[in-house]
Structure formats: structure tokens, C-alpha cells
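Engineer: quick one: sequence plus predicted model below, questions after.
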Amino acid sequence: MRRTPWARLLLVAAGSTVVSYGALRVAESRGATLLPVPVLSSLVVLLIAAVVLTLGWAVRQYTQGKRPGLDPILAARTVVLATASAYTGALLSGWYGGQVVLVLGDLEIAARRDVAQAAGLALLCTVALAVVGLVVERWCEVRPRDDDDGPGPGTSAASGSTA
């Protein structure tokens, strides 16, 4: 598998920001009220990041020879979960970023300031999720070996071949 390019994640986040800003602006122009993001959302994102990091650490220990064995299915799922986390973090960063941008001009209003603070916290958590996804993807790479029996360059710990 190839690593997810960080530039692509930035494009996903930027595109998601533009779309969410536009959609929220239209919704507010039609009478909708933007509510603060629940703190539980940020905590769940951080919990997911911690799980991905924990699974990735186990794969990293195996690839460095510090762990005797690892289920190949678990390693493959960890790589897929890391990639999904990176894209999910980028997409949600755009969503929460759109909310922050929408209320930036009205920070003197307490309700809008609450929205900005809650969405800003969620934005930081989703950026952390995307970064954890990229880091775990890197941890799941298997370095090329000198002998011909091992996986080739650019392969993940789970796949044994490039995608």
C-alpha cells in the first residue's frame, strides 16, 4: 500500500471547509441556528485516535523486531483503519473549520463565541486524528530486506505487496 499524501488530505479539508461554510451559510439564511458542538464529539474523536495509535504501536513493535508475532489480518486492518482515520480527520476538520469561519465575524456575541470555541476544540481533535492516521500508516510500513524472501519496498506490514 502507498502512504496517503498529506497534500491530498489538505485538499479534502479545504474542500470540506468550503462546502460546509456554504451549506451552513445557506441554512442560517433560512432561519436555522448553529449550535455548539458537543464536547462528547471531541472526546469520541480522541478515543478513536487513541485506539488507532495503540493498534499502530503494536504493528510498529512487530516491524522493528521487538514483538514476536502479529496476526496479519490485524496488521492489515490497522493499515486500513489508519488510512480511514486520516481521511475522516481531514473531512471532519473541514466541517468544523467551516463552522469556525462562519462565526468568526460575530465573536462579540456570546452564543457565537461558544460555537467558535466548541468547533475550534473539535477542529483540533480532528486534526489530531488525521495526524495519527498518517503516523500509524508510516509505522505499518515494512522496510526492504536484504534477502529476497521478505516483502518489497513500500509494502505494509499486512499486505506483503504494493497496491
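Structural biologist: Happy to help now that I have it. Numbering: from 1, shown residues only.
Engineer: can you give me the strands for this protein?
Structural biologist: Along the chain, the segments classed as strands by DSSP state E run 141-142, 155-156.
Engineer: who does the first one pair up with?
Structural biologist: Put plainly, it is strand 141-142. Strand 141-142 pairs in its sheet with strand 155-156 (antiparallel), by DSSP bridges.
Engineer: worst mean pLDDT among the strands of the chain?
Structural biologist: Least confidently modelled of the strands of the chain is strand 155-156, at a mean of 52 by mean pLDDT.
Engineer: any idea how far Thr33 is from the most centrally placed residue in the chain?
Structural biologist: For the chain, the residue nearest the mean C-alpha position is Ala130 (2.4 Å; C-alpha atoms, centre = their mean). The gap separating Ala130 from Thr33 is 29 Å, by C-beta to C-beta, to the nearest Å. Heads up, the C-betas are built off the backbone N, CA and C, glycines and all.
Engineer: hmm, back to that, which residues are in contact with the residue nearest to the centre of the chain?
Structural biologist: Residues in contact with Ala130, defined by C-beta atoms under 8 Å, 6 or more residues apart in numbering, are Leu9, Ala13, Ser85, Ala86, Tyr87, Thr88, Gly89, Ala90, Ser93.
Engineer: try it again at 7 Å.
Structural biologist: Counting by C-beta atoms under 7 Å, 6 or more residues apart in numbering, Ala130 makes contact with Leu9, Ala86, Gly89, Ala90, Ser93.
Engineer: what about the residues you listed, which are in helices?
Structural biologist: Cross-referencing the contacts of Ala130 against helices under DSSP state H gives Leu9, Ala86, Gly89, Ala90, Ser93.
Engineer: circling back: quick one, what contacts the spatially closest residue to the residue nearest to the centre of the chain that is not a sequence neighbour?
Structural biologist: Excluding the flanking residues, the one nearest Ala130 by C-beta to C-beta, 6 or more residues apart in numbering is Gly89, at 2.9 Å. Taking C-beta under 7 Å, 6+ apart as the criterion, Gly89 is in contact with Thr126, Val127, Leu129, Ala130, Gly133.
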